[in-house]
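Visitor: Predicted model, plus sequence, below.
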Amino acid sequence: MTYEESLEYLANLNKFGINLGLARIEKLLELMDHPERKFKTIHVAGTNGKGSTTAMLTSILTASGIKTGMYTSPHLSRYTERMIVKGQEISPSQFAQAIEYTSGFVGKIAAQGLDHPTEFEVLTAAAFYHFAMCGVEYAVVEVGLGGLLDSTNVLMPEVSVITNVTLDHTDKCGSTISEIAKHKSGIIKQGIPVITAATGQALDIIKSVSRENSATCYVYEEDFFGRFLAIEEQRQKIVVELKEAREIGRFAVNLLGVHQVNNCAVAIMTAIVLGKNEKRIDLSAVEKGLLQVRWPGRFEVIPGQPTIIIDGAHNPDGARVLRENLDQFYGDKEIVFLLGILQDKDVKTIVKNLIRFKDKVVVVAPISERAGKPEVVAREIHAEYVETANSINEGLVRAIELAGTEGVLCVAGSLYLVGTARKIICK
(Lines give C-alpha, C1' and ligand atoms only; values in the text may rest on other atoms or scores of the structure.)
Protein backbone atom coordinates (compact mmCIF):
# COMPACT_ATOMS: atom_id res chain seq x y z
CA MET A 1 0.00 0.00 0.00
CA THR A 2 1.40 3.42 -0.99
CA TYR A 3 0.78 6.59 1.00
CA GLU A 4 -1.79 7.71 -1.58
CA GLU A 5 -3.53 4.34 -1.38
CA SER A 6 -3.62 4.57 2.42
CA LEU A 7 -5.33 7.97 2.20
CA GLU A 8 -7.84 6.55 -0.27
CA TYR A 9 -8.50 3.63 2.09
CA LEU A 10 -9.14 6.03 4.99
CA ALA A 11 -11.39 8.21 2.85
CA ASN A 12 -13.52 5.17 2.06
CA LEU A 13 -13.99 4.61 5.79
CA ASN A 14 -15.71 7.99 6.16
CA LYS A 15 -18.99 6.34 5.14
CA PHE A 16 -19.04 4.67 8.56
CA GLY A 17 -19.07 8.11 10.18
CA ILE A 18 -18.55 8.69 13.92
CA ASN A 19 -19.71 5.61 15.79
CA LEU A 20 -18.77 5.89 19.46
CA GLY A 21 -18.07 2.70 21.37
CA LEU A 22 -15.18 0.49 22.42
CA ALA A 23 -16.18 -2.99 21.19
CA ARG A 24 -14.67 -2.62 17.71
CA ILE A 25 -11.38 -1.02 18.77
CA GLU A 26 -10.96 -3.54 21.60
CA LYS A 27 -11.41 -6.46 19.20
CA LEU A 28 -9.15 -4.84 16.60
CA LEU A 29 -6.35 -4.34 19.13
CA GLU A 30 -6.83 -7.87 20.44
CA LEU A 31 -6.33 -9.24 16.94
CA MET A 32 -3.21 -7.06 16.62
CA ASP A 33 -1.77 -8.52 19.86
CA HIS A 34 -2.47 -5.38 21.90
CA PRO A 35 0.19 -2.91 20.72
CA GLU A 36 -1.25 -0.33 23.17
CA ARG A 37 0.08 -2.40 26.08
CA LYS A 38 3.68 -2.24 24.90
CA PHE A 39 4.36 1.28 26.20
CA LYS A 40 3.24 3.59 29.02
CA THR A 41 0.73 6.35 28.31
CA ILE A 42 -0.62 9.70 29.46
CA HIS A 43 -4.24 10.18 28.40
CA VAL A 44 -5.44 13.76 27.74
CA ALA A 45 -9.09 14.82 27.43
CA GLY A 46 -10.80 18.22 27.52
CA THR A 47 -12.97 20.52 25.44
CA ASN A 48 -10.16 22.99 24.71
CA GLY A 49 -6.46 22.98 25.43
CA LYS A 50 -5.94 19.23 25.23
CA GLY A 51 -3.83 19.50 22.09
CA SER A 52 -1.55 22.19 23.55
CA THR A 53 -1.24 20.26 26.80
CA THR A 54 -0.46 17.06 24.89
CA ALA A 55 2.26 18.88 22.94
CA MET A 56 3.79 20.34 26.13
CA LEU A 57 3.82 16.99 27.91
CA THR A 58 5.37 15.29 24.89
CA SER A 59 8.09 17.93 24.73
CA ILE A 60 8.80 17.57 28.46
CA LEU A 61 9.10 13.79 28.25
CA THR A 62 11.32 14.02 25.18
CA ALA A 63 13.53 16.56 26.97
CA SER A 64 13.80 14.02 29.81
CA GLY A 65 15.55 11.61 27.46
CA ILE A 66 12.46 9.42 27.12
CA LYS A 67 11.54 8.02 23.71
CA THR A 68 8.07 9.52 23.42
CA GLY A 69 5.20 9.17 20.97
CA MET A 70 2.37 11.68 20.49
CA TYR A 71 -1.05 10.96 19.00
CA THR A 72 -3.37 13.88 18.23
CA SER A 73 -6.34 14.70 16.03
CA PRO A 74 -7.43 16.15 13.75
CA HIS A 75 -4.47 17.14 11.58
CA LEU A 76 -3.94 20.58 10.05
CA SER A 77 -2.41 19.70 6.70
CA ARG A 78 -1.55 15.99 6.50
CA TYR A 79 -2.38 12.76 8.30
CA THR A 80 1.25 12.17 9.24
CA GLU A 81 1.01 15.05 11.77
CA ARG A 82 -1.12 12.81 13.98
CA MET A 83 1.64 10.33 14.85
CA ILE A 84 4.94 11.69 16.14
CA VAL A 85 7.93 9.88 17.69
CA LYS A 86 10.89 11.77 19.20
CA GLY A 87 9.57 14.99 17.68
CA GLN A 88 9.40 13.58 14.14
CA GLU A 89 6.25 12.96 12.13
CA ILE A 90 5.71 9.45 10.89
CA SER A 91 7.00 9.23 7.31
CA PRO A 92 4.49 8.68 4.47
CA SER A 93 5.89 5.19 3.87
CA GLN A 94 5.67 4.28 7.57
CA PHE A 95 2.14 5.66 7.71
CA ALA A 96 1.10 3.57 4.72
CA GLN A 97 2.68 0.46 6.26
CA ALA A 98 0.87 1.02 9.58
CA ILE A 99 -2.48 1.50 7.83
CA GLU A 100 -1.91 -1.53 5.60
CA TYR A 101 -1.02 -3.71 8.58
CA THR A 102 -4.07 -2.54 10.54
CA SER A 103 -6.40 -2.94 7.57
CA GLY A 104 -5.49 -6.62 7.41
CA PHE A 105 -7.43 -7.17 10.63
CA VAL A 106 -10.41 -4.94 9.85
CA GLY A 107 -12.33 -7.53 7.81
CA LYS A 108 -12.26 -9.95 10.72
CA ILE A 109 -14.24 -7.50 12.88
CA ALA A 110 -17.41 -7.70 10.79
CA ALA A 111 -17.03 -11.49 10.63
CA GLN A 112 -17.46 -11.51 14.41
CA GLY A 113 -20.78 -9.68 14.26
CA LEU A 114 -19.51 -6.17 14.98
CA ASP A 115 -19.98 -3.00 12.96
CA HIS A 116 -17.20 -2.00 10.58
CA PRO A 117 -14.42 0.01 12.30
CA THR A 118 -14.45 3.75 11.66
CA GLU A 119 -11.64 5.84 10.21
CA PHE A 120 -10.63 7.09 13.67
CA GLU A 121 -10.56 3.56 15.08
CA VAL A 122 -8.25 2.40 12.29
CA LEU A 123 -6.02 5.45 12.75
CA THR A 124 -5.86 4.92 16.51
CA ALA A 125 -4.95 1.24 16.19
CA ALA A 126 -2.36 2.10 13.51
CA ALA A 127 -0.82 4.75 15.78
CA PHE A 128 -0.49 2.29 18.66
CA TYR A 129 1.06 -0.25 16.29
CA HIS A 130 3.52 2.37 15.01
CA PHE A 131 4.52 3.39 18.55
CA ALA A 132 5.05 -0.25 19.52
CA MET A 133 7.16 -0.90 16.41
CA CYS A 134 9.27 2.20 17.16
CA GLY A 135 9.86 1.06 20.72
CA VAL A 136 8.49 4.20 22.39
CA GLU A 137 8.60 4.18 26.18
CA TYR A 138 5.72 6.62 26.70
CA ALA A 139 2.99 7.93 24.42
CA VAL A 140 0.93 11.04 25.14
CA VAL A 141 -2.49 10.34 23.64
CA GLU A 142 -5.13 12.98 22.99
CA VAL A 143 -8.77 11.93 23.19
CA GLY A 144 -10.60 12.29 19.89
CA LEU A 145 -14.12 13.04 21.14
CA GLY A 146 -15.48 12.98 24.67
CA GLY A 147 -13.67 10.27 26.58
CA LEU A 148 -15.88 7.47 27.87
CA LEU A 149 -16.61 5.93 24.47
CA ASP A 150 -13.68 7.39 22.54
CA SER A 151 -11.45 4.92 20.70
CA THR A 152 -8.44 5.97 22.77
CA ASN A 153 -10.17 4.90 25.99
CA VAL A 154 -8.67 1.42 25.81
CA LEU A 155 -5.61 2.71 27.62
CA MET A 156 -4.54 2.16 31.20
CA PRO A 157 -2.46 5.33 31.59
CA GLU A 158 0.04 6.48 34.18
CA VAL A 159 -1.90 9.75 34.53
CA SER A 160 -5.26 10.97 33.23
CA VAL A 161 -5.61 14.65 32.29
CA ILE A 162 -8.86 16.59 31.77
CA THR A 163 -7.95 20.15 30.78
CA ASN A 164 -11.44 21.66 31.04
CA VAL A 165 -15.09 21.05 30.17
CA THR A 166 -17.27 23.40 28.11
CA LEU A 167 -20.06 22.86 25.57
CA ASP A 168 -18.99 21.17 22.33
CA HIS A 169 -20.00 18.02 20.45
CA THR A 170 -23.40 18.28 22.14
CA ASP A 171 -24.87 15.88 19.60
CA LYS A 172 -22.52 13.14 20.79
CA CYS A 173 -21.69 13.83 24.45
CA GLY A 174 -24.81 15.51 25.81
CA SER A 175 -26.38 18.95 25.83
CA THR A 176 -25.26 20.05 29.32
CA ILE A 177 -21.94 20.61 31.05
CA SER A 178 -22.75 17.78 33.46
CA GLU A 179 -23.41 15.28 30.68
CA ILE A 180 -20.25 16.25 28.84
CA ALA A 181 -18.23 16.07 32.07
CA LYS A 182 -19.45 12.51 32.61
CA HIS A 183 -18.17 11.59 29.16
CA LYS A 184 -14.76 13.18 29.76
CA SER A 185 -14.55 11.62 33.23
CA GLY A 186 -14.80 8.26 31.49
CA ILE A 187 -11.03 8.28 31.05
CA ILE A 188 -10.52 8.14 34.84
CA LYS A 189 -9.27 4.69 35.84
CA GLN A 190 -9.03 2.85 39.15
CA GLY A 191 -6.13 4.20 41.21
CA ILE A 192 -4.72 6.36 38.40
CA PRO A 193 -4.05 10.03 39.34
CA VAL A 194 -6.05 12.76 37.62
CA ILE A 195 -4.94 16.33 36.77
CA THR A 196 -7.60 18.88 35.82
CA ALA A 197 -8.29 22.59 35.37
CA ALA A 198 -12.06 22.06 35.11
CA THR A 199 -14.38 24.24 37.21
CA GLY A 200 -17.94 24.34 38.53
CA GLN A 201 -20.31 21.44 37.85
CA ALA A 202 -17.76 19.71 35.67
CA LEU A 203 -15.18 19.72 38.46
CA ASP A 204 -17.72 18.32 40.91
CA ILE A 205 -18.33 15.38 38.58
CA ILE A 206 -14.62 14.81 37.94
CA LYS A 207 -13.95 14.80 41.69
CA SER A 208 -16.86 12.39 42.28
CA VAL A 209 -15.68 9.95 39.60
CA SER A 210 -12.13 10.21 40.95
CA ARG A 211 -13.32 9.29 44.44
CA GLU A 212 -15.32 6.34 43.08
CA ASN A 213 -12.13 5.09 41.42
CA SER A 214 -9.81 5.84 44.36
CA ALA A 215 -7.93 8.16 42.01
CA THR A 216 -6.06 11.13 43.51
CA CYS A 217 -7.34 14.30 41.82
CA TYR A 218 -5.09 17.36 41.51
CA VAL A 219 -7.12 20.51 40.77
CA TYR A 220 -5.92 23.78 39.26
CA GLU A 221 -6.35 26.69 41.72
CA GLU A 222 -6.75 24.22 44.59
CA ASP A 223 -3.64 22.03 44.49
CA PHE A 224 -1.50 23.97 42.03
CA PHE A 225 -1.52 27.44 40.52
CA GLY A 226 -0.28 29.27 37.44
CA ARG A 227 0.37 32.98 37.01
CA PHE A 228 1.26 35.02 33.91
CA LEU A 229 4.44 37.06 34.20
CA ALA A 230 5.40 38.56 30.85
CA ILE A 231 6.03 38.04 27.16
CA GLU A 232 9.66 37.93 26.12
CA GLU A 233 10.83 37.15 22.58
CA GLN A 234 7.47 35.61 21.61
CA ARG A 235 7.63 33.33 24.67
CA GLN A 236 5.25 33.51 27.58
CA LYS A 237 6.74 33.48 31.07
CA ILE A 238 4.69 32.03 33.91
CA VAL A 239 5.06 31.07 37.56
CA VAL A 240 3.74 27.73 38.83
CA GLU A 241 3.17 27.01 42.52
CA LEU A 242 2.00 24.00 44.51
CA LYS A 243 -0.81 23.97 47.07
CA GLU A 244 1.34 25.08 49.96
CA ALA A 245 2.13 28.22 47.94
CA ARG A 246 5.65 26.96 47.29
CA GLU A 247 6.96 28.29 44.00
CA ILE A 248 8.35 25.41 41.98
CA GLY A 249 9.62 27.50 39.13
CA ARG A 250 9.35 30.28 36.59
CA PHE A 251 9.03 28.86 33.11
CA ALA A 252 9.09 30.29 29.61
CA VAL A 253 6.73 28.40 27.32
CA ASN A 254 7.06 28.64 23.56
CA LEU A 255 3.30 29.15 23.11
CA LEU A 256 1.39 32.42 23.34
CA GLY A 257 -2.06 33.05 24.79
CA VAL A 258 -3.54 33.75 28.22
CA HIS A 259 -5.18 30.30 28.16
CA GLN A 260 -1.76 28.65 27.97
CA VAL A 261 -1.10 29.59 31.61
CA ASN A 262 -3.68 26.99 32.68
CA ASN A 263 -2.53 24.45 30.12
CA CYS A 264 1.12 24.92 31.04
CA ALA A 265 0.39 24.56 34.76
CA VAL A 266 -1.57 21.36 34.05
CA ALA A 267 1.33 19.99 32.00
CA ILE A 268 3.85 20.84 34.72
CA MET A 269 1.70 19.29 37.46
CA THR A 270 1.31 16.16 35.33
CA ALA A 271 5.09 16.00 34.88
CA ILE A 272 5.60 16.34 38.64
CA VAL A 273 3.18 13.47 39.31
CA LEU A 274 4.88 11.33 36.65
CA GLY A 275 8.25 12.23 38.13
CA LYS A 276 7.36 10.53 41.41
CA ASN A 277 7.92 7.19 39.69
CA GLU A 278 9.87 8.22 36.58
CA LYS A 279 13.07 9.76 37.91
CA ARG A 280 14.21 11.00 34.50
CA ILE A 281 11.52 13.68 34.65
CA ASP A 282 12.69 16.66 36.70
CA LEU A 283 12.22 20.44 36.66
CA SER A 284 15.20 21.00 34.36
CA ALA A 285 13.55 18.73 31.78
CA VAL A 286 10.27 20.62 32.29
CA GLU A 287 12.04 23.91 31.64
CA LYS A 288 13.80 22.60 28.53
CA GLY A 289 10.65 20.93 27.17
CA LEU A 290 8.50 24.05 27.51
CA LEU A 291 11.09 26.12 25.68
CA GLN A 292 11.09 23.67 22.77
CA VAL A 293 7.38 22.91 22.42
CA ARG A 294 5.65 23.55 19.09
CA TRP A 295 1.91 23.45 18.42
CA PRO A 296 1.04 24.97 15.02
CA GLY A 297 -2.32 26.56 14.35
CA ARG A 298 -3.13 27.52 17.94
CA PHE A 299 -2.61 31.26 18.45
CA GLU A 300 0.32 30.90 16.09
CA VAL A 301 1.76 34.31 15.24
CA ILE A 302 3.33 34.75 11.80
CA PRO A 303 5.14 38.10 11.78
CA GLY A 304 4.96 40.26 8.68
CA GLN A 305 2.82 42.91 7.06
CA PRO A 306 0.16 42.30 8.12
CA THR A 307 0.74 40.21 11.23
CA ILE A 308 -1.13 36.93 10.73
CA ILE A 309 -2.54 34.89 13.60
CA ILE A 310 -3.73 31.35 12.98
CA ASP A 311 -5.98 29.81 15.61
CA GLY A 312 -8.21 26.75 15.41
CA ALA A 313 -10.91 28.25 17.66
CA HIS A 314 -13.88 26.12 16.61
CA ASN A 315 -16.32 26.27 19.54
CA PRO A 316 -17.76 29.04 21.75
CA ASP A 317 -15.17 28.77 24.52
CA GLY A 318 -12.29 28.61 22.05
CA ALA A 319 -13.67 31.73 20.35
CA ARG A 320 -13.94 33.52 23.70
CA VAL A 321 -10.32 32.70 24.59
CA LEU A 322 -9.08 33.76 21.16
CA ARG A 323 -10.83 37.12 21.58
CA GLU A 324 -9.23 37.59 25.00
CA ASN A 325 -5.81 36.95 23.47
CA LEU A 326 -6.43 39.34 20.60
CA ASP A 327 -7.57 42.06 23.00
CA GLN A 328 -4.56 41.53 25.30
CA PHE A 329 -1.82 41.33 22.69
CA TYR A 330 -3.28 43.33 19.77
CA GLY A 331 -5.92 45.54 21.38
CA ASP A 332 -4.63 48.65 19.62
CA LYS A 333 -4.74 47.07 16.15
CA GLU A 334 -7.48 46.72 13.56
CA ILE A 335 -8.51 43.05 13.34
CA VAL A 336 -9.55 41.41 10.09
CA PHE A 337 -10.89 37.85 10.25
CA LEU A 338 -10.81 35.11 7.67
CA LEU A 339 -13.57 32.99 9.15
CA GLY A 340 -14.98 29.58 8.32
CA ILE A 341 -17.21 27.49 10.61
CA LEU A 342 -18.69 24.01 10.33
CA GLN A 343 -22.47 23.91 10.08
CA ASP A 344 -22.88 21.58 13.07
CA LYS A 345 -21.18 24.07 15.41
CA ASP A 346 -22.87 26.78 17.50
CA VAL A 347 -22.27 29.45 14.87
CA LYS A 348 -24.29 32.16 16.62
CA THR A 349 -22.36 31.92 19.90
CA ILE A 350 -18.96 31.50 18.22
CA VAL A 351 -19.31 34.73 16.23
CA LYS A 352 -20.83 36.54 19.22
CA ASN A 353 -17.80 35.63 21.35
CA LEU A 354 -15.24 36.35 18.65
CA ILE A 355 -16.33 39.27 16.48
CA ARG A 356 -16.62 42.93 17.49
CA PHE A 357 -18.55 45.55 15.54
CA LYS A 358 -15.38 47.38 14.45
CA ASP A 359 -13.83 44.21 12.98
CA LYS A 360 -13.77 43.31 9.30
CA VAL A 361 -14.70 39.76 8.33
CA VAL A 362 -14.28 37.66 5.20
CA VAL A 363 -16.27 34.42 5.42
CA VAL A 364 -15.32 31.28 3.50
CA ALA A 365 -16.24 27.60 3.57
CA PRO A 366 -13.73 25.25 5.24
CA ILE A 367 -12.79 22.22 3.15
CA SER A 368 -15.22 19.77 4.74
CA GLU A 369 -18.53 18.14 3.91
CA ARG A 370 -19.76 19.74 7.14
CA ALA A 371 -18.77 23.28 6.10
CA GLY A 372 -21.23 26.03 6.91
CA LYS A 373 -22.29 28.06 3.88
CA PRO A 374 -20.49 31.43 3.96
CA GLU A 375 -23.67 33.40 3.37
CA VAL A 376 -25.41 31.61 6.26
CA VAL A 377 -22.49 32.24 8.64
CA ALA A 378 -22.26 35.86 7.46
CA ARG A 379 -25.87 36.53 8.47
CA GLU A 380 -24.96 35.78 12.09
CA ILE A 381 -22.12 38.32 12.17
CA HIS A 382 -22.81 41.80 13.49
CA ALA A 383 -19.81 43.77 12.28
CA GLU A 384 -19.54 46.92 10.21
CA TYR A 385 -17.85 45.07 7.35
CA VAL A 386 -18.68 41.50 6.33
CA GLU A 387 -18.23 39.84 2.95
CA THR A 388 -17.97 36.31 1.59
CA ALA A 389 -15.49 34.68 -0.77
CA ASN A 390 -15.80 31.68 -3.08
CA SER A 391 -12.62 29.94 -1.88
CA ILE A 392 -10.11 30.01 0.95
CA ASN A 393 -7.40 31.31 -1.37
CA GLU A 394 -9.65 34.10 -2.67
CA GLY A 395 -10.74 34.96 0.86
CA LEU A 396 -7.16 35.05 2.11
CA VAL A 397 -6.08 37.45 -0.62
CA ARG A 398 -9.01 39.74 0.19
CA ALA A 399 -8.43 39.59 3.96
CA ILE A 400 -4.73 40.47 3.55
CA GLU A 401 -5.77 43.40 1.38
CA LEU A 402 -8.23 44.62 4.04
CA ALA A 403 -5.66 44.28 6.83
CA GLY A 404 -3.04 46.29 4.99
CA THR A 405 0.51 46.51 6.32
CA GLU A 406 -0.35 47.68 9.85
CA GLY A 407 -3.34 45.50 10.71
CA VAL A 408 -3.75 42.01 12.11
CA LEU A 409 -5.29 39.16 10.13
CA CYS A 410 -6.75 36.33 12.21
CA VAL A 411 -7.63 33.03 10.53
CA ALA A 412 -10.09 31.11 12.71
CA GLY A 413 -13.30 29.12 13.08
CA SER A 414 -12.32 25.61 12.00
CA LEU A 415 -9.17 23.52 11.91
CA TYR A 416 -10.18 22.54 8.36
CA LEU A 417 -9.86 26.20 7.39
CA VAL A 418 -6.76 26.82 9.50
CA GLY A 419 -4.88 23.88 8.00
CA THR A 420 -5.57 24.92 4.42
CA ALA A 421 -4.83 28.60 5.02
CA ARG A 422 -1.63 27.83 6.91
CA LYS A 423 -0.35 25.74 4.01
CA ILE A 424 -0.90 28.70 1.66
CA ILE A 425 0.62 31.26 4.04
CA CYS A 426 3.68 29.22 5.01
CA LYS A 427 4.55 27.73 1.63
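Guide: Ah, there it is.
Visitor: Next one: Val266 from Ala371, what distance?
Guide: 32 Å (CB to CB, to the nearest Å). The way it works is simple: take the backbone N, C-alpha and C, and place the C-beta from them, glycine included.
Visitor: ok, these two, which is more surrounded?
Guide: Neighbours per residue (other CB atoms under 10 Å) separate Val266 from Ala371, with Val266 holding more: 30 against 18.
Visitor: Where does the more buried one sit, in terms of helix or strand?
Guide: helix 260-275 (DSSP states H and E).
Visitor: list the buried ones in the next helix or strand after that helix?
Guide: Moving toward the C-terminus from helix 260-275, the next helix or strand (DSSP H and E) is helix 283-292. Buried residues in helix 283-292, counted by 16 or more other CB atoms under 10 Å: Ala285, Val286, Glu287, Gly289, Leu290.
Visitor: Which one of those residues is nearest to Glu142?
Guide: Proximity of the buried residues of helix 283-292 to Glu142 was ranked by CB to CB; the top entry is Gly289 with 16.9 Å.
Visitor: Just to check, the closest one is in contact with Ala55?
Guide: No - between Gly289 and Ala55 there is no contact under CB atoms under 8 Å: 9.8 Å.
Visitor: Which helix runs longest in the chain?
Guide: Determined from DSSP state H, the single longest helix within the chain is helix 92-111.
Visitor: Check which helices and strands the helix or strand following it sits against.
Guide: Once helix 92-111 ends, the next helix or strand along the chain (criterion: DSSP H and E) is helix 119-134. Applying 3 or more CB pairs under 8 Å, 6 or more residues apart in numbering; DSSP states H and E, we find helix 119-134 packed against helix 3-13, helix 23-31, strand 68-71, strand 83-85, helix 92-111.
Visitor: what distance separates the longest helix of the chain from the centre of its chain?
Guide: 25 Å (CA atoms, centre = their mean, to the nearest Å).
Visitor: same thing with stretch 224-240?
Guide: Relative to its chain's centre, stretch 224-240 lies at 21 Å (CA atoms, centre = their mean).
Visitor: buried residues in that stretch?
Guide: Phe224, Phe225, Gly226, Gln236, Ile238, Val239, Val240.
Visitor: The residues you listed into JSON lines, with extra columns for pLDDT?
Guide: Formatted as JSON lines, the buried residues of stretch 224-240 follow (pLDDT from 0 to 100):
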{"residue": "Phe224", "pLDDT": "96"}
{"residue": "Phe225", "pLDDT": "95"}
{"residue": "Gly226", "pLDDT": "95"}
{"residue": "Gln236", "pLDDT": "86"}
{"residue": "Ile238", "pLDDT": "94"}
{"residue": "Val239", "pLDDT": "94"}
{"residue": "Val240", "pLDDT": "94"}
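Visitor: Name the residue most distant from the centre of the chain?
Guide: Distance from the C-alpha centroid of the chain, by CA atoms, centre = their mean, peaks at Ala111 (34.2 Å).
Visitor: can you tell me which residues contact the nearest residue to Thr405 once chain neighbours are set aside?
Guide: Excluding the flanking residues, the one nearest Thr405 by CB to CB, 6 or more residues apart in numbering is Gln305, at 3.9 Å. Gln305 makes contact with Gly404, Thr405, Glu406 under the criterion CB atoms under 8 Å, 6 or more residues apart in numbering.
Visitor: now do Thr80
Guide: Shown in contact with Thr80 (CB under 8 Å, 6+ apart): Glu89, Ile90, Ser91, Pro92, Phe95.
Visitor: how close does it sit to Ala125?
Guide: Distance from Thr80 to Ala125, counting by CB to CB: 16 Å.
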